[in-house]
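Trainee: please find the sequence and the predicted model below.
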Amino acid sequence: MTRQMALVGFLQAQNCTNLPSSWRHPESRDDSMSADYYQEIARILERGKFHMAFFDDRLAMPDRYGNDHAHTVEYGIRCVKMDPIVVLTTMGMVTTKLGLASTASTTYFEPFDVARRFATLDLMTNGRAAWNVVTSVNDGEALNMGREQHLEHDHRYDRADEFMEVVLGHWDAWEDGSLVIDKTSGRFADPTKVKRLDHKGAFFTSRGPFTVPRSAQGHPVVIQAGASGRGQRFAGRWGEVIFTAARNLANAKQGYDAIRGEAVKAGRDPDQMFLCNLITPVTGATKAEAEDRMAVIQKLPLEIDALSLLAEGLNFDFGAKGIDEPLTTEELQGMQGMLGIRDGVLRTSGKTNPSTRDFITFSGRGQVQDAMVGGPKEIADRLEEMFVNRGCDGFVIAASYVPGSYADFVDHVVPELQKRGLFHKDYAGTTLRENLGLKRPAAGAWKTRAQAAE
């Protein structure tokens, strides 16, 4: 079959989308703390044959700017953060094919807990679950979770590697065919096919046996979004769906080749992973209608949105410097969290010591200048160019207002992509792996892969 795009709806269980000003849009629903809000989005995405709905998450509201949360609450800058797995469950109740993906941190949770929650979600949704693996980003999260400060960047990824080994080890515990459920004999399952893990490593100890049998798709799909060098190595080793945020085709191709290269080094088939690039489309029935929509959206962001999200994402208080004062090399090197943001600003600005204003301008955090504006043809042309030229395997669709942005894309762009043969017209199966074209993993396959790469 001709190579086709994967499409993912980008969500957050909060008062706004990834664009913090989205709640201010006159057409956005204002009941984002209700199940019906997310269920409407789920129905729209499934109508558009999206592969999955994905929830980003943090364990703290943005409060690194000025070391205070007042601005976050006052301006609604991602100040509400509900548990995305619970929200996803409500979406699973009104859909049958849409994949359901949530973030969970390897820094602040235990592997057994994460393994059990996502394996349970996978069973409850008939094999549609996915886990976005993150190491978290800032001290606010650390303080909420009983720590004094956030762990150092590369150390978090070293710890996350072992976390993955424990989770996958537990997911392998129940072999296929282990369930008997024979009322006559009284046998529920074959004990020879359910193994204890007995893991003792540098960071984690976990005995088992695991308490959740394997699902129709084997185990949840693993998502990653590492952008730094260390993050890309992690993504190449573990990720099956990789989220990227390249702002042009050249950067997209560079990242695409780098992560696929890391997958090969890890002994993996790079064709068994999907790299999906984040975009914010603003569309309508015509280009003129899209431009009218954009005129409204452009009035929504505030400077404080960008400052707050930059401080949160890089675990650095941008309020401690004059907005046009160059940041020192020491300050730049001391940033933590999402280092791909910092590295992108350095690369795009061409400055060794950019200012806070440069970070606002070149990062795109909290802003809409990178929005893709156009009618069905214009948007499809842009997506086709990046997809066909191997800048990505699909797209993560971010909304500028909810649920209208998703409906606009489904109603106008999806039919154009289908007409061009770039996007499927219906789901291939019932599980997320079937619909993505990923193989069902055999128990222990990840260990064989790792040994082959050594």
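Mentor: In hand now; what should we look at? Residues are numbered from 1 along each chain as shown.
Trainee: now do the same for the nearest residue to Gly404 once chain neighbours are set aside: helix, strand or coil?
Mentor: Leaving aside its sequence neighbours, Gly404 sits nearest to Glu27 (CB to CB, 6 or more residues apart in numbering; 5.2 Å). From N, CA and C alone the C-beta is placed, and that goes for glycine too. Following DSSP: H, G, I helix; E, B strand; the rest coil, Glu27 is assigned to coil.
Trainee: and the helix or strand hosting His155, how far from the chain's centre?
Mentor: Using DSSP states H and E, His155 maps to helix 153-171. Helix 153-171 sits 17 Å away from the centroid of its parent chain (CA atoms, centre = their mean, to the nearest Å).
Trainee: just checking, next helix/strand downstream of it?
Mentor: Next in sequence after helix 153-171, counting helices and strands by DSSP H and E, comes strand 179-182.
Trainee: what are the buried residues along that following strand?
Mentor: Neighbour-count burial for strand 179-182, counted by 16 or more other CB atoms under 10 Å, picks out Leu179.
Trainee: helices or strands next to the very next helix or strand once past that strand in the packing?
Mentor: For strand 179-182, the following helix or strand on the C-terminal side (DSSP H and E) is strand 187-189. Contacts defined by 3 or more CB pairs under 8 Å, 6 or more residues apart in numbering; DSSP states H and E place strand 187-189 against strand 179-182.
Trainee: in its sheet, which strands sit next to the strand it packs on, and in what direction?
Mentor: Here strand 179-182 has these sheet partners by DSSP bridges: strand 187-189 (antiparallel).
Trainee: show me what the strand it pairs with is in contact with.
Mentor: With CB atoms under 8 Å, 6 or more residues apart in numbering as the test, strand 187-189 has contacts from Trp174, Ser178, Leu179, Val180, Ile181, Asp182, Pro213.
Trainee: isn't the third one up against Pro213?
Mentor: I take that to be Leu179. Yes - counting by CB atoms under 8 Å, Pro213 is a contact partner of Leu179 at 6.0 Å.
Trainee: Val368 in helix, strand or coil?
Mentor: Three-state call for Val368 (three-state DSSP): coil.
Trainee: quick one, domains of this protein?
Mentor: According to the TED database, the chain comprises the domains 6-173+209-295+370-436, 302-363.
Trainee: where does pLDDT dip in the chain?
Mentor: Along the chain, the model assigns pLDDT under 70 to residues 1, 449-454.
Trainee: spell out, range by range, the strands that occur in it.
Mentor: With DSSP state E as the criterion, the chain has strands at 6-12, 52-56, 99-105, 129-134, 179-182, 187-189, 199-200, 205-206, 221-224, 241-244, 274-279, 281-283, 372-374, 394-397.
Trainee: redo the ones you listed as CSV? Include distance to Leu332.
Mentor: Output for the strands of the chain, formatted as CSV (distance: least, CB to CB, whole Å):
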stretch, distance to Leu332
strand 6-12, 28
strand 52-56, 25
strand 99-105, 25
strand 129-134, 22
strand 179-182, 54
strand 187-189, 55
strand 199-200, 38
strand 205-206, 37
strand 221-224, 25
strand 241-244, 23
strand 274-279, 24
strand 281-283, 32
strand 372-374, 30
strand 394-397, 28
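Trainee: which one, of the ones you listed, ends up nearest to Ala70?
Mentor: With CB to CB as the measure, strand 6-12 is the member of these nearest Ala70 (20.8 Å).
Trainee: strand partners (parallel or antiparallel) of the closest one?
Mentor: Partners of strand 6-12 in the sheet, by DSSP bridges, are strand 52-56 (parallel), strand 394-397 (parallel).
Trainee: can you put these in TSV and add mean neighbour count and distance to Glu416?
Mentor: Output for these, formatted as TSV (neighbours: other CB atoms under 10 Å; distance: least, CB to CB, whole Å):
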stretch	mean neighbour count	distance to Glu416
strand 52-56	26	21
strand 394-397	25	14
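Trainee: okay, those strands in JSON lines with distance to Asp31 next?
Mentor: As requested, these are exported to JSON lines (distance: least, CB to CB, whole Å):
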{"stretch": "strand 52-56", "distance to Asp31": "18"}
{"stretch": "strand 394-397", "distance to Asp31": "22"}
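Trainee: which two among the contacts of strand 187-189 are spaced furthest apart?
Mentor: Largest separation among the contacts of strand 187-189 by CB to CB: Trp174 and Asp182, giving 16.8 Å.
Trainee: Ser228 reaches Gly340, doesn't it?
Mentor: Yes - here Ser228 reaches Gly340: they are 5.6 Å apart, a contact under CB under 8 Å.
Trainee: looking at the two, which one has more neighbours?
Mentor: The neighbour count for Ser228 versus Gly340, taken as other CB atoms under 10 Å, is higher for Gly340 (20 against 17).
Trainee: what are the buried residues along stretch 269-288?
Mentor: Across stretch 269-288, burial judged by 16+ other CB under 10 Å covers 270, 273-284, 287.
Trainee: just those residues now: which is nearest Arg237?
Mentor: Among these, and counting by CB to CB, the member closest to Arg237 is Met273, at 10.7 Å.
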